[in-house]
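[1] Below: sequence and its predicted model.
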Amino acid sequence: MEMGFTSAVYVLAAVLFILSLGGLSGQESAKRAVWYGIAGMALAVSATLFGPGNGLWWLSLVLIAAGGLVGYQLASKVAMTQMPELVAGMHALVGLAAVFVGFNTHFELVNIASMDLAAMKSLEGFSALLAKKSAVEINILRVETSLGIWIGAVTFTGSIIAYGKLAGKVTSTAFKLPGGHFLNAAAALLSILSAVWYLNSGEILSMIVLTFLALFIGYHLIMGIGGADMPVVVSMLNSYSGWAAAAIGFSLGNDVLIVVGALVGSSGAILSYIMCNAMNRSFVSVILGGFGGSSGPQMELHGEQVPIEADGVASVLNDADSIIIIPGYGMAVAQAQQSVSELARKLRAQGKNVRFAIHPVAGRLPGHMNVLLAEARVPYDIVMEMDEINADFSDTDVAIVIGSNDIVNPAAQDDPNSPIAGMPVLECWKAKHVFVSKRGQGTGYSGIENPLFFKENTRMLYGNAKESLDKLLPMID
Amino acid sequence: MKIGALKETSLGERRVALTPDSAVQLQKLGYDCLVEKNSGLAAGFSDEQYKSVGVEIVGTPKKLTEACDVIVKVLPPSESELQELSSSKTLISLFYPGSNEALLLLAKSSESNVIAMDMVPRISRAQKMDVLSSMANISGYRAVIEAGNNFGRFFTGQMTAAGKVPPAKVLVVGAGVAGLAAIGTSTSLGAITYAFDVRPEVAEQVESMGAEFVFLDFKDEQVNDASTGGYASVSSPEFAAAQLDKFREIAPEMDIVITTALIPNREAPELWTADMVASMKPGSVIVDLAAEKGGNCKLTVIDERVVTDNGVIIIGYTDFPSRMAAQASSLYASNIRHMISDLTPGKDGVIVHDMEDDVIRGATIIHSGEITFPPPPPKVQAIAATHNERTPDKTPEEIRADEVAAFKKQTKNQIILLTVGGILLFLVGSYAPVSFMQHFIVFILSVFVGFQVIWNVSHSLHTPLMAVTNAISSIIILGAILQISSTSFLVVILAAISVFFAGINIFGGFLVTRRMLAMFQKS
């Protein structure tokens, strides 16, 4: 097959990928969009497999099949609550692949440099492409390769740490080695130095040093970010894996890699931006970890948290007409989405207006709550975004907060000294009654006191969210 | 213990303090219920209905008072009713202790306990027994109905074969409970409804009911709602003047005016002056819900319907709740039932008069022969203090100017970005070789396309988006496939591992996305 044919297929694949991402603008078109993505991937891979200059295509095929089997097993077994871990973990694979491909480019380069002209002529495929490069082009190639390896390595360790934090295998609190961000800055500086070293010498040692520095940065950067910021981290790593692919695309001179890498990279960047906006924090302050400095003592809290039992909640719910449910990470932890869905179904069957309010950063992944509710068969047209529903709380009889904390914290609006001051929050305290399902009296993930729990119209339903709801369900009639 | 409801003795009062429904609830709390003969007749509850739920019918008020420990009624008790009371008995009714001092002293001498339903503090916990709110709600609704009864036209605008009917314009002054109820009724009948209140922070509530809030051009900050327990307070003379000017301006357009402005323990403020009435069209209707306290319009005659010289009808009825006796009784009875339920923590039919409880303390005006009125301020404030500042709506010119400014700013930003981006590209282009530039252009365009496309992705699909982008980022597999045919063994091994990993990612990523999307469904 000719090179021109491969390029044509690549263009088609790139268009399909763009359509695939664009199709995610609505729930219905999204179902078609996945197929565009799958078709694009199938086209790109088969064009490469059977394209010019590929000898060992059967080996690739076998390996893809094997990988596919493992991927299939993983994806079909994973519970929806573990989705964040899975996505984070899979980013690591892309990062690692980018590192290996980058190294291969280097080896290939060394390999070719040692050949004589006759041997060069007999080369085909990727090696032939390299052999034709001029001195300037080889320098650019080296920059691209080291960039690809560096980003790939950061993505690899970063994703593994993110996976560990989300899966609860690594402590979710922010942790830094002594020296903090100076270590990261120093490692970044050293990375640039070793990239320059590589550029001038082309030695393998410089590449290995670069890789280890990048691996360290990925580890240390993500370790320093608290669990509550994980939505930003995961989308950021998503972005990195895209940039790594784009950089490798440059070094291989492969346009479809560049296109897809850029798409993924910009998509992740936008997602991170949206998440940061939702928390009213700058991207830099999230990445550098921990909360920004607060300018004074937090507001003192008066009053007490008033507990309530399931029967009290049930009697109010039976009298209410409009109900808004605000799920958070606590719902995911307790696997309570089925019970929440059942509660909504029962209340709706009585003709009550039941809706869900989703804060942009609820959960550990952008859109995490939507996926869990969808899994529990909550219809998506009663699941509202913060901006759509925030004005309605004052007309609502009951707001039920299930395992969320910061996203319903009135201190964000009232207390200029609060660490989350200015963050947009769901104004559930404007509802006539607020029930908060919570494990205990603690301050939760971010360690910020929540005045909502002390409000006159708030009642606390202590206990595991799923158990509390299951106790509540039979009393709704 | 026994609870008994007295028949109302005032002329024209049709309500009753105990309904068959509330009796059932009280029996669940452990009480026996009694009711005076024919008490509920005017409200549509016959003695048979009471008997069928186990309520005992008693012939005379004297017997009932003797037999019961708790006596409930609607209006303040008459002197003779008070004289029947003896110590250890509890009377629950409206009382208005602020203006009924003589009655208060008389009640004190009987050594009974008196709970005034009109003194229930306005805190959220006590809303279920807030009689003033539940009665005001009825008054607001009924005021619109009475206005409609006297108004010779449709509320809603219609285009009929016989011609066009303009919609009625209704102005509600005072957006308290009654005002809001009137707004709701009026908008649901199809009238164009305007509302005014001295408390600008209620604008949001007014708008939520579908009416338009009439803003004044007035800078002075109004007294915050919270300090007065949610009621309006007296406004400054300048404010009052500005307010009257605004009313004067809109009076000729209004078909129906419903005034509900009351300030606790004061005469009703005059808001609708005689010259405003004179400027209204013939056939217009004014319903003055403040008639009892002298009226917001001085032409109002208490309990009368009068027609002015220019044909404006002014209604000054004060018995709106009683005009809807069935509804009013059931709400009042359930307010009473909630009060008794709070007085019966053990649910064993025994009254526990807990003077530490904010609500019970506030409502109790006589306890064991001692006058306990006025109560200390409640420990919790009714409404959290807020400073909502609302600016008057912008004029069309201002909105236009804002739009132009925003457009200019956006254009400027885009031009700056394009220029800077162009210069950078030019710099790169003048140094980098052609082969690099070709790829670089592709890269820049893809980033641009990515930015354009991703902004449209709906928020709820962010997780599927991440899974899809994760799956397609395994396009890195192409690089590995290209390298796997290398002559170097090391390269083959590394490339093979990469192909394997990327393979996991492709299948895993797409499958997970499909699983997620399949779950999204419409109701």
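    Yep, it's here.

[2] which other helices and strands contact the host helix or strand of B:His338?
    Using DSSP states H and E, B:His338 maps to helix B:325-343. Contacts defined by 3 or more CB pairs under 8 Å, 6 or more residues apart in numbering or on different chains; DSSP states H and E place helix B:325-343 against helix B:20-28, strand B:90-93, helix B:131-150, helix B:320-323, helix B:358-363. Placement of C-beta: from N, CA and C, glycine included.

[3] Quick one: work out the angle between it and helix B:20-28.
    10 degrees (axes from the mean of the first three to the mean of the last three CA atoms, to 10 degrees).

[4] How many neighbouring residues does A:Val333 have?
    Residues lying near A:Val333 (other CB atoms under 10 Å in any protein chain shown) number 16.

[5] hey, where'd the strands end up in the stretch 101-250 of chain B?
    Using DSSP state E, counting those that start in this stretch, the strands found in the stretch 101-250 of chain B span residues B:113-116, B:158-160, B:163-165, B:169-173, B:192-196, B:212-213.

[6] Between these, which one is closest to chain A.
    With CB to the nearest CB, the closest approach to chain A among these belongs to strand B:212-213: 14.9 Å.

[7] Can you list the helices and strands that the closest one packs against?
    Using 3+ CB pairs under 8 Å, 6+ apart: strand B:212-213 touches strand B:192-196, helix B:203-208.

[8] from memory A:Met460 sits against A:Gly440, does it?
    No: here A:Met460 does not reach A:Gly440: they are 9.5 Å apart, not a contact under CB atoms under 8 Å.

[9] Could you check which of these two is surrounded by more residues?
    Set A:Met460 next to A:Gly440 and count neighbours by other CB under 10 Å: A:Met460 wins out with 20 against 8.

[10] Now do the host helix or strand of that one: which elements does it pack against?
    Following DSSP H and E, one finds A:Met460 within strand A:458-462. With contacts defined as 3+ CB pairs under 8 Å, 6+ apart, strand A:458-462 has these neighbours: helix A:310-319, strand A:433-438.

[11] Tell me the spacing between the residue nearest the centre of chain A and B:Met466.
    By CA atoms, centre = their mean, chain A has its centre lying nearest to A:Val234, at 2.8 Å. Distance of A:Val234 to B:Met466, computed by CB to CB, to the nearest Å: 7 Å.

[12] that older thread, which of the helices and strands packed on helix B:325-343 is buried the deepest?
    Each of the helices and strands packed on helix B:325-343 was scored by mean neighbour count; the highest is strand B:90-93, a mean of 24, by mean count of other CB atoms under 10 Å in any protein chain shown.

[13] For it, which strands pair with it and how are they oriented?
    strand B:70-72 (parallel), strand B:113-116 (parallel) (DSSP bridges).

[14] Show me what from the stretch 301-450 of chain B comes close to chain A.
    Neighbours of chain A within the stretch 301-450 of chain B, by CB under 8 Å from any CB of the partner chain: B:380, B:432-433, B:435-436, B:439, B:442-443, B:446-447, B:449-450.

[15] Quick one, which of those residues are buried?
    Among those, the ones that count as buried by 16 or more other CB atoms under 10 Å in any protein chain shown are B:435-436, B:439, B:442-443, B:446-447, B:449-450.

[16] ok, the nearest residue to A:Ile258 once chain neighbours are set aside - how many residues close by?
    Leaving aside its chain neighbours, A:Ile258 sits nearest to A:Gly249 (3.7 Å; criterion: CB to CB, 6 or more residues apart in numbering or on different chains). Using other CB under 10 Å, A:Gly249 is surrounded by 29 other residues.

[17] Whichever residue of chain B sits closest to chain A: neighbour count?
    The minimum distance from chain B to chain A, using CB to the nearest CB, falls at B:Gly503 (2.2 Å). Using other CB under 10 Å, B:Gly503 has 28 other residues around it.

[18] swap in A:Val425?
    Neighbour count for A:Val425, taken as other CB under 10 Å: 23.

[19] same deal with A:Val11?
    12.

[20] Show me what the host helix or strand of it is packed against.
    In the assignment (DSSP H and E), A:Val11 maps to helix A:3-22. Applying 3+ CB pairs under 8 Å, 6+ apart, we find helix A:3-22 packed against helix A:27-49, helix A:255-278, helix B:434-454, helix B:462-472.

[21] which of the buried ones among the residues of the stretch 301-450 of chain B next to chain A has the weakest pLDDT?
    Here the lowest pLDDT out of these sits on B:Ser435, with 76.

[22] ok, for that residue, nearest residue in space, not its chain neighbours?
    Excluding its sequence neighbours, the residue lying closest to B:Ser435 (CB to CB, 6+ apart) is A:Glu137, at 6.1 Å.

[23] Tell me the helix or strand right after the helix or strand harbouring that neighbour.
    According to DSSP H and E, A:Glu137 maps onto helix A:135-167. Counting by DSSP H and E, the next helix or strand C-terminal to helix A:135-167 is helix A:181-201.

[24] do that following helix and chain B meet?
    No: applying CB under 8 Å from any CB, one finds helix A:181-201 separated from chain B by no less than 15.0 Å.

[25] For that helix, which residues meet the burial criterion?
    For helix A:181-201, the neighbour count (16+ other CB under 10 Å) marks A:183-184, A:187-188, A:190-191, A:194-195, A:197-198 as buried.

[26] The helices and strands packed on helix A:3-22 into JSON lines, with extra columns for distance to B:Pro269?
    Shown next, in JSON lines, are those (distance: least, CB to CB, whole Å):
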{"stretch": "helix A:27-49", "distance to B:Pro269": "55"}
{"stretch": "helix A:255-278", "distance to B:Pro269": "47"}
{"stretch": "helix B:434-454", "distance to B:Pro269": "58"}
{"stretch": "helix B:462-472", "distance to B:Pro269": "54"}
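
[27] contacting residues around stretch B:319-332?
    Residues from elsewhere that reach stretch B:319-332 (CB atoms under 8 Å, 6 or more residues apart in numbering or on different chains): B:12-17, B:19, B:21-22, B:40, B:42-45, B:74, B:117, B:131, B:134-135, B:137-139, B:141-143, B:146, B:289, B:303, B:317.

[28] got the angle for the helix holding B:His338 vs helix B:131-150?
    Relative orientation of helix B:325-343 and helix B:131-150, computed by the same axes, to 10 degrees: 170 degrees.

[29] And helix B:325-343, how far out from the chain middle?
    Using CA atoms, centre = their mean, to the nearest Å, the distance from the centre of helix B:325-343 to the centre of the chain it belongs to is 20 Å.

[30] can you pull the alpha-carbon coordinates of that helix into CSV?
    Extracted C-alpha coordinates of helix B:325-343, given in CSV (Å, rounded to 0.1, in the frame of the first residue of the first chain):
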residue,chain,number,x,y,z
ALA,B,325,-64.7,29.1,57.1
ALA,B,326,-64.1,25.5,56.0
GLN,B,327,-60.6,26.1,54.8
ALA,B,328,-59.8,28.5,57.6
SER,B,329,-61.1,26.1,60.3
SER,B,330,-59.1,23.2,59.0
LEU,B,331,-55.9,25.3,58.9
TYR,B,332,-56.5,26.9,62.3
ALA,B,333,-57.4,23.6,63.8
SER,B,334,-54.2,22.1,62.5
ASN,B,335,-52.2,25.0,63.9
ILE,B,336,-53.8,24.3,67.3
ARG,B,337,-53.1,20.6,66.9
HIS,B,338,-49.4,21.3,66.3
MET,B,339,-49.3,23.6,69.3
ILE,B,340,-50.8,20.9,71.5
SER,B,341,-48.5,18.3,70.0
ASP,B,342,-45.5,20.5,71.1
LEU,B,343,-47.2,20.8,74.6
